[in-house]
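Let me see the structure of the following:
(one chain, ligands or ions: 1)
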Amino acid sequence: MKVLVLNCGSSSIKYQFIDTVEKTALAKGLVERIGMSSAVLSHSRYDGDTIKIVGEILDHQIAVEYVLGVMLSKNHGVIDNKNDIEAVGHRVVHGGETFTGSVLITDEVIQVLQDNIELAPLHNPPNLKGIQAVKRILPDTPQVGVFDTAFHTKMPPKAFLYGIPYELYKKYKIRKYGFHGTSHLYVSNKAAEMLGKKIEDLKIVTAHLGNGCSMAAIDKGISVDTTMGFTPLEGLLMGTRSGDLDPSLILYIMGKEGLSLNEAGTLLNKHSGLIGISGESSDMREIQKAMSEGHKRSTYAFDIFSYRIKKYLGAYAAAMGGLDTFIFTGGIGENSAEVREEVCKNLEFLGIELDLEKNRNKDLIISTDNSKVKVLRIPTNEELVIAMDTSHIVEEIQVKAN
Ligand code: AMP
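I've put the predicted structure just below:
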């Protein structure tokens with residue numbers, strides 16, 4: 001099946017057109033600066049052909065029309081007809097407690113997503129805009145929602161409940177949800193495949209380290225704990241997000257600096273993490289460069305970043321009662337040998353022995369042959385998971401209908 005995968009953000013749409021039989025992307029691209037006068041669409045085809053279009057793209061519907069236009073274009077396109085897009089799969093950030101797996105998007109599903117907006121005010125509205133745009137432009141094409149939260153919905157209450165009055169969970173659905181589920185699911189299954197093991201026989205810790213960062217404890221293929229929480233702010237240090245902190249300190253800062261709720265949210269989400277500590281950059285490449293030039297605050301940022309990952313790794317090994325596999329993924333996890341080395345340092349007692357040469361060489365298996373715990377570096381592919389889930393759901397419905 002040929003599936004268009006859409007990841008709609010507030011001012012951008014990332015897309016891939018995927019052949020789920022060959023498991024390859026026929027085309028991929030990005031629309032940026034939606035709503036601004038000089039929006040840009042960058043499109044590339046499987047054969048290396050690329051094109052950039054600059055124009056006025058005022059909303060998500062126009063952006064999707066542009067994407068279809070370039071996919072249909074004689075010179076740069078990959079389809080002859082709109083109907084060649086057999087289904088559309090959407091990355092949806094928050095499925096709440098309702099969606100424990102991917103679903104065909106119906107009017108009822110759209111209603112639930114609208115009801116969940118309060119849980120993900122930044123992410124679910126653009127996801128919904130993308131869904132509505134496709135509904136108008138391709139009314140007969142089935143759409144599927146694949147949720148970042150779904151993989152974590154089997155966590156036990158001891159992992160997902162916070163130590164606050166239980167009524168608040170019942171009243172406002174305040175609990176740990178976890179995010180990046182599609183990535184944690186993909187790399188854990190890929191690791192089992194690479195190691196020739198059944199996922200049911202493995203205790204895995206995954207570290208998705210990108211601009212946003214999260215880890216998951218995956219026991220027998222089930223996410224039993226994860227670092228992000230009610231929102232993607234909890235857990236690891238990130239590019240601009242603080243991760244874990246003492247909740248009282250934000251009340252203290254709000255009092256001292258006279259911050260509003262919104263300003264406090266911005267402080268924790270946009271001005272903290274790597275950028276907050278280093279004062280240099282939210283980008284790990286820049287942090288490492290500044291560090292090598294002796295910039296002290298960048299060294300603090302790098303150290304805190306790596307130390308938190310190490311702490312959660314130990315915590316999750318204890319939570320699962322063992323550890324077989326540790327996986328790095330995401331822009332930093334896949335590319336920073338320095339972060340991987342720092343995280344894995346002195347963990348021989350846990351059965352982790354990094355092969356420094358393999359790590360530097362960007363091998364996929366980066367532990368020594370004798371290491372009890374296998375350490376892997378796996379490029380994530382969330383779009384492929386979305387496309388595969390979409391095709392399974394749509395094919396199942398087609399079989400039932402016949
Ligand atoms: P992502 O959100 O997965 O695209 O990851 C973005 C992060 O990956 C940014 O912090 C980048 O600095 C980081 N990154 C990408 N390439 C490298 C690299 N070669 N070394 C260190 N960090 C990298």
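
what's next to the longest strand belonging to the chain, contact-wise?
When the chain is scanned for its longest strand (criterion: DSSP state E), the result is strand 24-32. With contacts defined as CB atoms under 8 Å, 6 or more residues apart in numbering, strand 24-32 is touched by 2, 11-19, 39-46, 57, 63, 66-67, 70-71, 78, 383. To be clear about C-beta, it is placed using only N, CA and C from the backbone, and glycine gets the same treatment.

Pull out the buried members of these.
Among these, those classed as buried by 16 or more other CB atoms under 10 Å are 2, 11-19, 39-41, 43-45, 57, 63, 66-67, 70-71, 78, 383.

Which ones among those residues lie within helices?
A63, Y66, V67, V70, M71, E383 (DSSP state H).

Distance to L209 for these - can I get that in JSON lines?
Listed next are these as JSON lines, based on distance: CB to CB, whole Å:
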{"residue": "A63", "distance to L209": "29"}
{"residue": "Y66", "distance to L209": "32"}
{"residue": "V67", "distance to L209": "29"}
{"residue": "V70", "distance to L209": "32"}
{"residue": "M71", "distance to L209": "32"}
{"residue": "E383", "distance to L209": "19"}
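
Roughly how far does the closest residue to the ligand within the stretch 151-300 of the chain sit from E348?
Nearest residue of the stretch 151-300 of the chain to the ligand: G210, at 2.5 Å (CB to the nearest ligand atom). With distances taken as CB to CB, to the nearest Å, G210 is found 28 Å from E348.

returning to what we had before: which single one of the ones in helices among the buried ones among the contacts of strand 24-32 is nearest to the ligand?
Nearest member of those to the ligand, counting by CB to the nearest ligand atom, is E383, at 12.8 Å.

For the closest one, list the residues it contacts.
So E383 contacts V5, N7, Q16, I18, A25, K28 (CB under 8 Å, 6+ apart).

Mind listing the residues bridging to the second one?
To tie it back to what came earlier, the one meant is N7. According to DSSP bridges, the partner residues bridging N7 are K14.

Before we move on, what's the pLDDT of it?
Looking at N7, its pLDDT reads 96.

Surely I53 is within a strand?
Yes: judged by DSSP: H, G, I helix; E, B strand; the rest coil, I53 forms part of a strand.

Let me know the secondary structure of the residue of the stretch 301-402 of the chain found nearest the ligand.
The ligand sits closest to G331 of the stretch 301-402 of the chain, with a gap of 2.1 Å, by CB to the nearest ligand atom. Secondary structure state of G331, per three-state DSSP, is helix.

Now do the same contact list for it.
Residues counted as contacts of G331 (CB under 8 Å, 6+ apart) are L209, G210, N211, M284.

10 Å instead?
H208, L209, G210, N211, C213, G239, D283, M284, R285, P379, T380 (CB atoms under 10 Å, 6 or more residues apart in numbering).

Among those residues, name the ones in helices.
M284, R285.

contacts for stretch 95-102?
Contacts for stretch 95-102 (CB under 10 Å, 6+ apart): 89-90, 92, 103, 109, 112-113, 115-116, 118-120, 124, 144-154, 160, 173, 175, 177, 181-182, 385-386, 388-390, 392-393.

near the ligand, from the residues you listed?
Counting by CB under 6 Å from any ligand atom, nothing from the contacts of stretch 95-102 sits close to the ligand.

filter these to the buried ones?
The neighbour count (16+ other CB under 10 Å) marks 89-90, 92, 103, 109, 113, 116, 119-120, 124, 144-153, 160, 175, 177, 181-182, 385-386, 388-390, 393 as buried among those.

related to what we said a few turns ago, just give me the neighbour total for the residue of the stretch 151-300 of the chain closest to the ligand.
When neighbours are defined as other CB atoms under 10 Å, G210 has 18 of them.

Give me the pLDDT for it.
At G210, pLDDT is 95.

Hmm, it is touching S336, no?
No: taking contacts as CB atoms under 10 Å, G210 lies outside contact range of S336: 11.0 Å.

Overlap in contacts, those two.
M284, G330.

interface residues of this structure facing the ligand?
Residues of the chain lying near the ligand by CB under 6 Å from any ligand atom: G210, N211, G239, D283, M284, R285, Q288, G330, G331, I332, N335, S336.

Now T20, what are its backbone angles?
Backbone torsions for T20, taken as degrees, to the nearest 10, come to phi -80, psi -10.

Distance of it relative to M388?
6 Å.

what do these two both touch?
With contacts defined as CB under 10 Å, 6+ apart, the residues shared by T20 and M388 are M1, V3, G89.

how about TSV for these, with pLDDT added?
Shown next, in TSV, are the shared contacts of T20 and M388 (pLDDT from 0 to 100):
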residue	pLDDT
M1	97
V3	98
G89	98
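
Looking at these, which is nearest I34?
Using CB to CB, G89 comes nearest to I34 of those, at 19.8 Å.

who's in contact with the closest one?
Per CB under 10 Å, 6+ apart, neighbours of G89: 3-7, 16, 18, 20, 102, 105, 142-146, 383, 385-391, 393-394.

Let's see which of those end up in strands.
Short answer: these in strands (DSSP E) are V3, L4, V5, L6, N7, Q16, I18, Q143, V144, G145, V146.

burial count for the first one?
Taking other CB under 10 Å as the neighbour definition, V3 ends up with a count of 27.

cool, the fourth one as well?
By other CB under 10 Å, 26 other residues sit near L6.

and if you look at the second one?
Residues lying near L4 (other CB under 10 Å) number 28.

List the residues that contact it.
The neighbours of L4, taking CB under 10 Å, 6+ apart as the test, are 15-18, 26-27, 64, 67-68, 71, 79, 84-90, 134, 138, 141, 143, 387, 390.

which residues in the stretch 151-300 of the chain form helices?
157-160, 166-172, 181-195, 247-257, 261-270, 273-278, 284-292, 296-320 (DSSP state H, counting those that start in this stretch).
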